[in-house]
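Undergrad: just to be clear, the model below is a prediction. Sequence and coordinates:
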Amino acid sequence: MGFLLSKLTSLATVVLFGLGFCSFFTSTDAYDPLDPNGNITIKWDIISWTPDGYVAVVTLFNYQQYRHIQAPGWTLGWTWAKKEVIWNMVGAQATDQGDCSQFKTTPPHCCKKTPTIVDLLPGTPYNQQYSNCCRGGVLSSWIQDPSNAAASFQVSVGRSGTTNKTVRLPKNYTLMGPGPGYTCGVAKVVKPTKFFTADKRRVSQAMMTWNVTCTYSQFLAHEAPPCCVSLSSFYNDTVVPCPTCSCACQNNITHPGSCVVPESPYLASVVSAADKNSPLVRCTSHMCPIRVHWHVKLNYQEYWRVKVTITNFDYRRNYSDWNLVVQHPNFDNLTQIFSFNAKSLTPYGTINDTVMLWGTKFYNDMLVQSGPLGNVQSEMLFRKNPATFTFDKGWAFPRRIYFNGDTCVMPPPDAFPHLPNAGFRQYVSLLTVIMISVSTFAFTYAYA
């Protein structure tokens, strides 16, 4: 009996440990193997004290290599630790003032316990602007445009502490970019930021600084994948489409209006009448807003050529500053690319098999809504490495593709276009020759 009890106790301990261990790994974990250090850091710098609070500069730094925030832009929120109010803001604004009825003179900018902050729009008057503000909440990725990968605003906070010891850090930070997907940690006090004058001859520092780190998870951002991949090649007539129901299943019976047929005479009225923020995709077997097509186009003696086409199937959404991340072992010998920009990523140290692609400014950096112009395309030229190059077993196709930082659904490897079986064809041809020869000999012998 004691032995059995001991065994049960040990089993219970293992189960509890396993449950505790598994609790650290949920479907919303935001680790990205291609960008392990990618995050958005929100930094608060208190630059001066006021009679009832402080003035702080808040800066959002997008340290993600290939994930950006596009229009309608970021939305930042938090919960005040005490009864703080926002007296004034420069370079951003609170979306709701809240109840400020207790203030008899000039009311604060925002009295809500949980303010929601958004960036100002381009064209804002200069006296309301702050450095790195007023882009409508758009943040570029770190690789595409580091000069526009940060946004700042100034906030004057009242009814708070007036020293480092009495200030209480805001909590429960939230970041929408522009939809869900980001999870923010707790605020942590760090070394005060140092500021240099333009001539670099004087240094000043913030009274107090704290950081908040927000990470992205595709599981939180999308209920279903937002893109898929199709494949084709010059050596096989088969075009491998996106897997059926990659992003959703077409069902206008139970979900009428979930997609639109391009030839519909009511297409224009449906697109213009409905909610602009909700997707309206073309009726397809995959039901994805974005399809990436990889076509192995040509084979030369020392090179081979690929054509990449990105198609927008959403009738309501334009993708500004889009980007594509592709994994393929031959990217270490990418010789030339046409009409796209390219930069190598090395998430695995010395292994150079990942490249980020994005459009040329003012030419194809905007992927417009579904229609005749709703696609962008480019071609890439690779130098062959005799030790690894082959068209066999789907080697010429990508291992993984991301669009705007989200993983796209790939066809299964056994569906990749394959090389024609030359041996089999040669065998059939030889057999045919032999049969014809035998038949001819028999016929001649019979009628000789």
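TA: Yep, it's here.
Undergrad: please make it C-alpha for all contacts and neighbour counts, starting now.
TA: OK.
Undergrad: low-confidence stretches in the stretch 301-448 of the chain?
TA: Applying pLDDT under 70 to the stretch 301-448 of the chain flags the ranges 422-448.
Undergrad: kindly recompute the last result at 90.
TA: 315-317, 346-352, 362, 369-372, 418-448 (pLDDT under 90).
Undergrad: now do the helices in it.
TA: 422-446 (DSSP state H, counting those that start in this stretch).
Undergrad: remind me which residues of the stretch 1-150 of the chain are low pLDDT?
TA: 1-34, 36, 104-105.
Undergrad: so S320 sits right up against M366, yeah?
TA: Yes. In this structure S320 lies within contact range of M366 using CA atoms under 8 Å: 4.5 Å.
Undergrad: what sits up against stretch 319-332?
TA: For stretch 319-332, contacts defined as CA atoms under 8 Å, 6 or more residues apart in numbering pick out 66, 70, 140, 344, 352-359, 365-369, 382-385, 397-405.
Undergrad: could you pull out the buried residues of that stretch?
TA: For stretch 319-332, a neighbour-count test (16 or more other CA atoms under 10 Å) marks 319-332 as buried.
Undergrad: just put those in a markdown table and tack on distance to C111.
TA: Converted to a markdown table, the buried residues of stretch 319-332 look like this (distance: CA to CA, whole Å):
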| residue | distance to C111 |
| --- | --- |
| Y319 | 36 |
| S320 | 35 |
| D321 | 36 |
| W322 | 37 |
| N323 | 39 |
| L324 | 42 |
| V325 | 43 |
| V326 | 47 |
| Q327 | 49 |
| H328 | 53 |
| P329 | 55 |
| N330 | 57 |
| F331 | 54 |
| D332 | 55 |
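Undergrad: those residues in strands, which ones?
TA: Y319, S320, N323, L324, V325, V326, Q327 (DSSP state E).
Undergrad: ok, the residues you listed vs S258, which is closest?
TA: When those are compared for distance to S258 (CA to CA), Y319 wins out at 20.4 Å.
Undergrad: quickly list what I46 is bridged to.
TA: A56, M208 (DSSP bridges).
Undergrad: that one contacts G53, doesn't it?
TA: No. Counting by CA under 8 Å, I46 sits too far from G53 to count as a contact (9.9 Å).
Undergrad: enumerate every residue touching A342.
TA: A342 touches V355, M356, L357, W358, counting by CA under 8 Å, 6+ apart.
Undergrad: N211 now?
TA: Per CA under 8 Å, 6+ apart, neighbours of N211: T41, I42, K43, W44, A187, K188, V189, V190.
Undergrad: what about the helix or strand hosting it, distance to the chain center?
TA: Assigned by DSSP states H and E, N211 belongs to strand 208-216. A distance of 20 Å separates the C-alpha centroid of strand 208-216 from that of its chain, computed with CA atoms, centre = their mean, to the nearest Å.
Undergrad: next helix or strand past it?
TA: The first helix or strand that comes after strand 208-216 along the chain, using DSSP H and E, is helix 218-221.
Undergrad: same for the following helix or strand past that next one, what does it pack against?
TA: Using DSSP H and E, the helix or strand that follows helix 218-221 in sequence is strand 227-233. Counting contacts by 3 or more CA pairs under 8 Å, 6 or more residues apart in numbering; DSSP states H and E, strand 227-233 packs against strand 236-240, strand 290-299.
Undergrad: what's the closest of those strands to G136?
TA: Taking the helices and strands packed on strand 227-233 one by one with CA to CA, strand 290-299 is closest: 24.1 Å.
Undergrad: now do the closest one: distance to the chain's middle.
TA: 21 Å.
Undergrad: what lines up beside that strand in the sheet?
TA: Strands that pair with strand 290-299, judged by DSSP bridges, come out as strand 227-233 (parallel), strand 303-312 (antiparallel).
Undergrad: for F313, give me its contacts.
TA: Going by CA under 8 Å, 6+ apart, F313 touches V281, R282, C288, P289, I290, R291, Q369, S370, G371, G374.
Undergrad: which of those sits closest to F338?
TA: G374 (18.5 Å).
Undergrad: touching, the closest one and V368? I think so.
TA: Yes. Taking contacts as CA under 8 Å, G374 lies within contact range of V368: 5.0 Å.
Undergrad: more neighbours: these two, which one.
TA: V368 (22 against 18; other CA atoms under 10 Å).
Undergrad: contacting residues for the more buried one?
TA: Contact analysis of V368 by CA under 8 Å, 6+ apart lists N312, R317, N318, Y319, G374, N375.
Undergrad: what's the most distant pair in these?
TA: R317 and N375 (12.6 Å).
Undergrad: kindly tell me how buried Q369 is, as a neighbour count.
TA: Q369 is flanked by 20 other residues according to other CA under 10 Å.
Undergrad: repeat for V409
TA: Neighbours of V409 (other CA under 10 Å): 24.
Undergrad: going forward, the N-terminal residue is numbered 809.
TA: OK, 809 is where the count begins now, so the last one is V1217.
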